[in-house]
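>>> Sequence plus the predicted model coming up.
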Amino acid sequence: MFQTIVPLFVDALANAALIFFVAFGLTLVFSVLRILNVAHGSFYSIGAYVSASIGLWIVSAGLNPWLTFPALLVSAALVAALFGPLIERTLVQWTYGRGEAVQILMTFGLFLILEDLQRLVFGVSSYYEDTPVALLGSIEIGGIIYLNYQLLLIALAVVALVAMRVFIGHTRMGRLLAVVVADREISEALGIDTRRMFTIAFTLGIFLAALGGALATPTAGVAPGLGADTMVLAFAVAAIGGLGQVEGAALAAVIVAAARVLAIYLFPALDAVAPYLVMLIVLLVRPYGLFGKPAIRRI
Amino acid sequence: MTSNSASAQPLLRAEDLAISFGAIKAADGVDFALQRNEFVAIIGPNGAGKTTFLNLVTGYLKPHRGNVWLDGRPITRMAPRRISRQGIARAFQIPQLFTDHSLIDNLMLAIAAREGIWQGLTPLNRRAYRDEAMEVLELLGLAADAETMTGTLPEGLRKLADITLAFALNPKLLVLDEPTSGVSSIERFRIMETLMNAMRRRGLSALFVEHDMEVVQKYADRVVVWNAGHVMAEGTPAEVMSNPEVLESVVGVV
Amino acid sequence: MRKPIPLLVAALALLLLVPVAFPHLKFVITLAVAKGFAALGVALLLRGGLISLGHAMYFAIGAYATAFLGSKAGVSDLVLLLVASTAVAALAGLVFGAFLVRYRAIFFAMLNLAVSMVIFALTSKLYGITGGTDGLRVAVPTVLGWAPGKAAFDGFLFYLCILLMVVLGWLVHRYLQSPLGHALSAIHTNEVRLEYLGVSAWQTLLTSYTISAALAGLGGALAAMSIGHVLPEFAFWTESGHLVLTAVLGGIGGVAGAFIGSVFLEILHTVAVGVAAEAWNLIIGLALICVIFFLPRGIYGLIEARRGSTKETGL
Ligand SMILES: Nc1ncnc2c1ncn2[C@@H]1O[C@H](COP(=O)(O)OP(=O)(O)OP(=O)(O)O)[C@@H](O)[C@H]1O
Ligand SMILES: [Mg+2]
């Protein structure tokens, strides 16, 4: 049993790490801008398409295959730089102070547009580029073989979590962001340029989503419809953890991974719906997620 | 003028109510009783926990400890809608209105809620409701604004509108959180006069938070002084006003 | 709020002439009205300030109920099929709604989307019941003993759709004017006050959610009969997006808006299908954003505005 469950769990955890990046971005944008971007998942698939395209180009151009590693990062940065400021400055900014309904409709419209744009630009066939996986090879621990690339994904997720804590706690920009999160009015009164903070946070959120997608291409590839699935999964993870709670999202990603393993092991048919079932149960018991706190409106 | 018989149980009773927000103990073991037909004023400095107490009594917040009874029946931890149906209506410190509805629609909805909201496909806008709503609006001098969207009313009128919604429920106990804040000091007495008279006529009891000591002196049978989440003193307005501790902590604010 | 009644009556008269004047539009309009029911369901929830990004699932549930009852349970009567399919969708709405209407704003939107994606996955996978990705065929039903051919049935279905639209539209309008309907929009502006009036927001919303699911289910059943085939794509989230756009386009001002928006979009789809089949979602998304930017009250709002009413509702 150990021999089957541990590799399954590592596999699920590597998947969860990818979703965690998206949920991390989602929850970051939510805590700073108080907006839940319905189009967020699309940047995962766009990141995946871009990194797969660049990776395929590197290989076909006969360049050093190790270049595919920095290419993963570069494609995520490219997507973030291209879309982040543009979308925040135009569509998203317009919705500030206009109520949640408008924000949902606006980002949902964006979602529909981005899904079709991807099909127009990248076609309907799936992309697959696994040079990084091949380069890293595998390792045998206790008679079980693991893909090094999958272990790297899990490590990267942990690094991202720690890096965020260091960023918030030890850099000027991070501290300013924390103030904006804690109290928008006070931060404006203190003279913090909240508009700039919003743009930065939104772009950072897109970067994380695109990074998740870029990192996913070597193992999972990318095909149409990935954006929608990812969006709902990332929302499930963010909601289980409590919107705005990054550590919560990390824990939720692990829980979802465990639930998937359990489902594969016990009821294979439930594999795909396991994350939703976890979300359902958690939200029934704790409507604000594991780490979330209800905001009591003063009356 | 306390309750007519000493043996009657209080209309509202709270025992050892406690809640805290992080380190702030907003209610710290509050004991409280209000008799039938009694008008009780709550006074106290900003942040003393007056609104929090009303929130606990009306079910908006669940106490970490303690109990509340209405008419001898426990209402602790009940949702606001159930407590409201048991006979406590509330007007808020920050007016809570249906801002996309006209004032008269707000009131007709309150009346319909009182009568039971499940009425099939009969329209809300009907003669009986309209007449009753206009009556309440006239009482508080709001008749001219009946067709105004409540979201566009000025602050003072919004507070009054909020009170009419509570009043229309015909409760046993009316809870008012600073009913006259935002109303000019000339208007203040006229409004309290009509409001209090109407309440006495209907035989209601009232619990109101008030900063204006003149209003308190004029309309309260009994005053309860709040400080840092607990009751610091209570008595008739005259007794309370002559308590040096109270003068120091509260009247400084007034 | 004055209703542009004469305009609506004129539009209705025009619709009744469609089978005679523009026979090739008959199918398009039938489908538009069917989807209009689902859009009306979405619009109903918009009244309460809630956006469902998954309502196509109830449309699909209604459609599949009709297909399943017809092909596997041997029910062939139209009335029975419509009633049963609507009831199944309403029941699904009641069950899911009991959980979903506890949530607001983005939670409500995303949870509806999540449930609809599970339903979509199930319809494509439960081959034995749903026919998997091939879907199910829907035979031409009988109407109280009358067994029409396909062409005669299509003509009948067209007028039945119009009749149902008028009757149910009027009932929904009455519902919105009733205390419970006003309570629904009151949830949008101030749920705390509503609860303090002694009204349960949960019950109010669950009622409206169930009605909206029933409307969508009826639409799905009608569409299934009209198309003659049901597919898992009926439940796909892009269809839900289509419904949201229709509801927003029609404006939340009135019941007629959902149908006006639906007819407009369906005709546009027919015209644009040659040009932009690949980019239909892109067009829908762009339109959604444009409506939010420029027409916050939708098409219906335009008609109203021309008649001098300037009441600003926003969303
Ligand atoms: N929902 C809440 N979350 C956190 N702290 C709260 C909350 N509600 C009240 N408090 C805190 O509890 C204390 C009591 O607040 P409360 O509103 O009850 O005071 P109050 O006596 O009504 O004051 P005021 O005269 O200003 O209305 C304050 O310190 C307030 O900041
Ligand atoms: Mg207060």
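The structure has been received and is ready for your questions. Ligands and ions are numbered 1, 2, ... in the order given.
>>> When you work out contacts or count neighbours from here on, use the C-alpha atoms and nothing else.
Fine.
>>> residue contacts, the closest residue to ligand 1 within the stretch 101-250 of chain B?
In the stretch 101-250 of chain B, the residue that lies nearest ligand 1 is residue B:229 (7.0 Å; Cα to the nearest ligand atom). Residues near residue B:229 by Cα atoms under 8 Å, 6 or more residues apart in numbering or on different chains: B:25-30, B:48-50.
>>> Could I get the buried residue list for the element among helices and strands of chain B having the smallest mean pLDDT?
When each helix and strand of chain B is scored by mean pLDDT, DSSP states H and E, helix B:244-246 comes last, with a mean of 76. The neighbour-count check on helix B:244-246 (16 or more other Cα atoms under 10 Å in any protein chain shown) flags residue B:246 as buried.
>>> Same question for stretch B:193-209.
Here stretch B:193-209 shows B:195-196, B:198-199, B:204-209 as buried, counting by 16+ other Cα under 10 Å.
>>> what is the mean pLDDT for the top helix by length along chain B?
Of all the segments of type helix in chain B, defined by DSSP state H, the longest one is helix B:185-202. Average pLDDT, helix B:185-202: 83.
>>> Can you name the residues in contact with that helix?
B:37, B:139-140, B:180, B:205-206, B:215, B:219.
>>> Could you identify the helix or strand that succeeds that helix?
Using DSSP states H and E, the helix or strand that follows helix B:185-202 in sequence is strand B:205-209.
>>> partners of that next one in the sheet?
strand B:39-43 (parallel), strand B:173-177 (parallel) (DSSP bridges).
>>> Identify the residues contacting the first one?
Which is strand B:39-43. The contact list for strand B:39-43, computed with Cα under 8 Å, 6+ apart, reads B:34, B:50, B:205-211, B:216, B:219-226, B:250.
>>> near chain A, anything from stretch C:36-51?
Yes. Residues of stretch C:36-51 contacting chain A under Cα under 8 Å from any Cα of the partner chain: C:49-51.
>>> Could you confirm whether any residue of stretch C:181-198 contacts chain A?
No. Judged by Cα under 8 Å from any Cα, stretch C:181-198 stays clear of chain A, getting no closer than 8.7 Å.
>>> Please see if that stretch touches chain B.
Yes. Stretch C:181-198 lies within reach of chain B by Cα under 8 Å from any Cα, at C:182-183, C:186, C:189-190, C:192-193, C:195-198.
>>> tell me the angle the longest helix of chain B makes with strand B:39-43.
Here helix B:185-202 points in a direction 140 degrees away from that of strand B:39-43 (axes from the mean of the first three to the mean of the last three Cα atoms, to 10 degrees).
>>> what's the burial count for the closest residue to residue C:49 other than its chain neighbours?
Nearest residue to residue C:49, sequence neighbours excluded (Cα to Cα, 6 or more residues apart in numbering or on different chains): residue C:188, at 4.7 Å. Other residues near residue C:188 number 20, with proximity taken as other Cα atoms under 10 Å in any protein chain shown.
>>> so who does residue C:188 touch?
So residue C:188 contacts C:47-50 (Cα under 8 Å, 6+ apart).
>>> Can I get the strand or helix carrying it as CSV, trimmed to CA atoms?
Element membership of residue C:188, judged by DSSP H and E, is helix C:179-196. What follows is helix C:179-196 as a C-alpha-only set of coordinates in CSV (Å, rounded to 0.1, in the frame of the first residue of the first chain):
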residue,chain,number,x,y,z
PRO,C,179,-44.0,41.2,-0.9
LEU,C,180,-41.7,38.2,-1.4
GLY,C,181,-40.4,39.8,-4.7
HIS,C,182,-39.7,43.1,-3.0
ALA,C,183,-37.9,41.2,-0.2
LEU,C,184,-35.7,39.6,-2.9
SER,C,185,-34.5,43.0,-4.1
ALA,C,186,-34.2,44.1,-0.5
ILE,C,187,-31.6,41.4,0.1
HIS,C,188,-29.5,43.2,-2.5
THR,C,189,-29.6,46.5,-0.8
ASN,C,190,-29.8,45.6,2.9
GLU,C,191,-29.9,42.0,4.1
VAL,C,192,-29.4,43.1,7.7
ARG,C,193,-32.5,45.2,7.7
LEU,C,194,-34.5,42.5,6.1
GLU,C,195,-33.5,40.0,8.8
TYR,C,196,-34.4,42.6,11.4
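>>> ok, then the element right after that helix?
Downstream of helix C:179-196, the next assigned helix or strand under DSSP H and E is helix C:201-227.
>>> anything in that following helix sitting right up against chain A?
No. Using Cα under 8 Å from any Cα, helix C:201-227 stays clear of chain A, with a minimum separation of 14.4 Å.
>>> Run through who's touching the next helix or strand after that helix.
For helix C:201-227, the following helix or strand on the C-terminal side (DSSP H and E) is strand C:229-230. Outside strand C:229-230, the residues that touch it by Cα under 8 Å, 6+ apart are C:60, C:63-64, C:67, C:135-138, C:224.
>>> what about strand C:229-230, distance to the chain center?
Strand C:229-230 sits 17 Å away from the centroid of its parent chain (Cα atoms, centre = their mean, to the nearest Å).
>>> Relative to it, what are the paired strands and their orientations?
By DSSP bridges, strand C:229-230 pairs with strand C:136-137 (antiparallel).
>>> and whichever helix or strand comes after the partner strand with helix C:179-196, angle?
Of the helices and strands lying after strand C:136-137 in sequence (DSSP H and E), the nearest is helix C:150-177. Using the same axes, to 10 degrees, the inter-axis angle of helix C:150-177 relative to helix C:179-196 is 40 degrees.
>>> Which residue, other than its chain neighbours, is closest to whichever residue of the stretch 101-250 of chain B sits closest to chain C?
Of all residues in the stretch 101-250 of chain B, residue B:123 sits closest to chain C, at 4.2 Å by Cα to the nearest Cα. Once flanking residues are discounted, residue B:123 sits nearest to residue C:178: 4.2 Å by Cα to Cα, 6+ apart.
>>> and the one you found, backbone torsions?
phi -80, psi 170 (degrees, to the nearest 10).
>>> so which helix or strand takes in residue B:114?
Short version: residue B:114 belongs to helix B:103-115, going by DSSP H and E.
>>> Kindly calculate the angle that that helix makes with helix C:179-196.
80 degrees.
>>> What are the buried residues along helix B:103-115?
B:103-114.
>>> what residues are up against the residue nearest to residue B:123?
For residue C:178, the contact set (Cα under 8 Å, 6+ apart) comprises B:119-125.
>>> ok, now with 6 Å
By Cα atoms under 6 Å, 6 or more residues apart in numbering or on different chains, the contact set of residue C:178 is B:121-124.
>>> From those residues, which land in strands?
Per DSSP state E, strands hold no members of the contacts of residue C:178.
>>> Format the residues you listed as JSON lines; extra columns: pLDDT.
JSON lines is the format used below for those (pLDDT from 0 to 100):
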{"residue": "B:121", "pLDDT": "88"}
{"residue": "B:122", "pLDDT": "88"}
{"residue": "B:123", "pLDDT": "90"}
{"residue": "B:124", "pLDDT": "89"}
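>>> Please, which helix or strand holds residue A:43?
Counting by DSSP H and E, residue A:43 is found in helix A:40-60.
>>> Report the rounded mean pLDDT for that helix.
Per-residue scores along helix A:40-60 average to 91.
>>> buried set for that helix?
Of the residues in helix A:40-60, A:40-56, A:58-59 count as buried by neighbour count, 16+ other Cα under 10 Å.
>>> Next: stretch A:124-133.
Here stretch A:124-133 shows A:127-133 as buried, counting by 16+ other Cα under 10 Å.
>>> Name the residues that touch that stretch?
A:52, A:149, A:218, A:221-223.
>>> quick check, distance from that stretch to the centre of its chain.
With Cα atoms, centre = their mean as the basis, stretch A:124-133 stands 19 Å off its chain's centre.
>>> Please name the nearest non-neighbouring residue to the most centrally placed residue in chain C.
Centroid-nearest residue in chain C, with Cα atoms, centre = their mean: residue C:38, separated by 0.9 Å. For residue C:38, ignoring the flanking residues on the chain, the nearest one in space by Cα to Cα, 6+ apart is residue C:216 at 3.7 Å.
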